[in-house]
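Asks: Below is the structure, and that's it, no one-letter string:
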């Protein structure tokens, strides 16, 4: 647990070698063959073969395809083949205005959509040089932490099912439904909310939100203890997850890995603590690190990050200020619907903002937030018009997937399933 | 906002000779503008300075916005590859923008310094057509392998089909 | 094929299965039984692609339960599945895979296109997506929504069950020349809380 900055500096981490991620040739863990070459590749050794896993497979967490070069049940080299969910969202982002942008980016990481919306909105606001009201910032923090909880609960469910505990699916979804019900009350939708928009949030928190949130915070700790008693102490979990898929911190840094994957190696880097955004410096929480860099550490980190998020939500409940839920700048935010009937000016502003869109001054910016998968960044270029000139989302799962071949080396196929599920990729943000 | 006022800070951080690498500040973020030739050298210097992580590598096609804000010593080209580096020790980011001409869209690969750029460079090749020399596996990653064209270029159409609302069949 | 006693003209069996028989009281009852049992354990194939997959999993989870209709077993092997719920956006690279999985399913099979991306390309009218999965496979039910909540998906599934059970689906398929093309309406958003659209300043 690291709150003091001294512990989290990299010099304290033992420098292990990252040599294997730099290899290019046959000794690398990555089977660098194109898709057409893989079809006709015949290893010289008779006992080896190249097996295709996916894209339609119950355990690949979406449409991830893996080429595995195997000897018996042991995986030697592998290659993740992606692109089966490529939606051209970055091109679509150039066709939609800045106000419509969150509807597009929210569907990239569909398990934690509010983070993508947050990154996009923060980038737009930085280009506009806007100062967001306090209440809007705290509402954003609340929604993001609740989303982190629901995403990690989804991880518990899918991870459990991949390991074989089908009951985990039921338990994880039961808790997730509670959070999604709260989201539906606040934002109107269970998923893909389009709630965090440039200028603030789309609507104020409804009446009774405090009671609903407190109810979740009351119910969840006992149920998380259920998870602990069902999974964490269990010998089957230990056998399947401990010592499997080991990676060290230096390799993670060389590959650009962030998030629970990096923290499981013992390296304490969390953007909320180290490069704070929103008001994370005013809330108290711990950054969780593992010790061995294996699958069990990643599972445990995500389970306990739910508890840390609950702690943050409790503090946000106390500290939530009154005020506006969005900035009152008429050029950026549409007027309240009630006023459209009364004021011609309000009607014109509403019309202009929703048809043409507000113009953002020319410039370029990179903003990053800590999503449940790692560093989610938004690189935005504006040319002074109402639409982004270039909108690029740095999806954490895209870079995190590069660690997969190195983790899968010398693992059994059953371990491959466990490893993929603890990397927790969301293919929407991998392929965009 | 690309004022030159705080370029001294940028120099102190990376110790790169300003005469070779122009730098600027964009909304409080440090940006360097190396050329293709000295890119690897600049990145090597930055790596020794502590920028151990290559967070992002992407590209922008400035076909429709050629007169963007750049330092006066930098010659704008059609493509720009943007590399984001992160230093954990200093808790800082730095961005490098490299100009790539349209008729020769190549760049040396960063794989030997940051192996994590492998997938990122493949994505840039797939969507923009910028070739990275020395990359171990320069193939398409998102589009099908036999796809023609580079979708994120500005002269590549969105591919919209015209939608005409009509009565639902069978209703 | 000859005119057999009790069964009548049997020339249409190879095309329409049991529906191709001239039914009398005995075979009619058997066919009703067959249709009834088909709807009572229609196993879906796992074809969750994107965001809609999460809502499909939520429908299978404990709160909105698919096992009330015997459908909680999502079969990974298409040979064992009856129903393909295409949940999510189908990209250009995924389209041949989709067709291959559909072809591997055994008759009788049905397809529900879940969500707007599968039904028509959704909000992504661009180069990367197939604009509607009905360009690749014949679709029987279209469920709108982005994503359709579990209630909408259940409504779509129940519509499909109803149409299979009363034989409507074969009639519609014959009429449309492909999938049945039933469109259901979105049935989500049952919260009771008041939505505040904007306060007067």
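Replies: Perfect, I can see it now. From a predicted model like this one, the values you see are computed outputs, not experimental measurements.

Asks: list the contacts for the residue nearest the centre of chain C?
Replies: A centroid search over chain C (CA atoms, centre = their mean) returns residue C:112, at 2.8 Å, as the residue closest to the centre. By CB atoms under 8 Å, 6 or more residues apart in numbering or on different chains, the contact set of residue C:112 is C:83-86, C:139-143, C:153, C:156-157, C:160. For every residue, glycine as well, the C-beta is placed using N, CA and C.

Asks: What's the first helix or strand after the helix or strand hosting it?
Replies: Applying DSSP states H and E as the criterion places residue C:112 in strand C:110-114. Note on strand C:110-114: by DSSP H and E, the next helix or strand toward the C-terminus is helix C:116-120.

Asks: List of residues touching the helix or strand that that next one is followed by?
Replies: Of the helices and strands lying after helix C:116-120 in sequence (DSSP H and E), the nearest is strand C:141-143. Applying CB under 8 Å, 6+ apart, the contact partners of strand C:141-143 are C:110-115, C:119, C:152-153, C:155-157, C:159-160, C:180-184, C:186.

Asks: Just give me the neighbour total for residue B:164.
Replies: Using other CB atoms under 10 Å in any protein chain shown, residue B:164 has 5 neighbouring residues.

Asks: For residue 133, the count of nearby residues, please.
Replies: By default, I'm working from chain A. 19.

Asks: let's do chain C instead
Replies: Count around residue C:133 with other CB under 10 Å applied: 33.

Asks: same thing with residue A:266?
Replies: By other CB under 10 Å, neighbour count at residue A:266 equals 17.

Asks: so which helix or strand takes in it?
Replies: Under DSSP H and E, no helix or strand contains residue A:266.

Asks: which residues in the chain form strands?
Replies: Assuming you mean chain A. A:48-53, A:65-71, A:74-81, A:196-197, A:200-201, A:363-371, A:374-382, A:388-394, A:411-412 (DSSP state E).

Asks: oops, I was thinking of chain C
Replies: Using DSSP E, strands in chain C cover C:3-4, C:8-9, C:44-45, C:83-87, C:110-114, C:141-143, C:182-183.

Asks: how about the strands in chain B?
Replies: B:23-26, B:29-32, B:53-61, B:79-87, B:92-100, B:106-108, B:131-133.

Asks: Select, out of those strands, the one closest to residue A:396.
Replies: Of all those, strand B:53-61 sits nearest to residue A:396, with 9.8 Å by CB to CB.

Asks: Look at the residue in the stretch 301-432 of chain A that chain C sits nearest to and say how many residues are nearby.
Replies: In the stretch 301-432 of chain A, no residue comes nearer to chain C than residue A:336, which is 2.8 Å away by CB to the nearest CB. A count of neighbours around residue A:336, defined by other CB under 10 Å, yields 16.

Asks: any idea which helix is longest in chain A?
Replies: In chain A, with assignment by DSSP state H, the single longest helix is helix A:134-163.

Asks: lowest average confidence, helix or strand, in chain B?
Replies: Within chain B, no helix or strand scores below helix B:7-14, which has a mean of 47 by mean pLDDT, DSSP states H and E.

Asks: Within range of chain B, give me the residues from the stretch 301-432 of chain A.
Replies: By CB under 8 Å from any CB of the partner chain, the residues of the stretch 301-432 of chain A that approach chain B are A:362-366, A:368, A:375, A:377, A:379, A:381, A:383, A:389-390, A:392, A:394, A:398-399, A:401-402, A:431-432.

Asks: from these, which would you call buried?
Replies: By neighbour count, with 16 or more other CB atoms under 10 Å in any protein chain shown, these hold A:362-366, A:368, A:375, A:377, A:379, A:381, A:383, A:389-390, A:392, A:394, A:398-399, A:401-402, A:431-432 as buried.

Asks: returning to that earlier point: nearest to residue A:142 among the strands of chain A would be which one?
Replies: Of the strands of chain A, nearest to residue A:142 by CB to CB is strand A:200-201, at 9.9 Å.

Asks: Neighbours of the closest residue in space to residue A:30 that isn't next to it in sequence, how many?
Replies: Closest residue to residue A:30 apart from its sequence neighbours, by CB to CB, 6 or more residues apart in numbering or on different chains: residue A:405 at 4.4 Å. By other CB under 10 Å, the residues close to residue A:405 number 24.

Asks: Wait, residue A:405 touches residue A:29, no?
Replies: Yes: counting by CB atoms under 8 Å, residue A:29 is a contact partner of residue A:405 at 4.2 Å.
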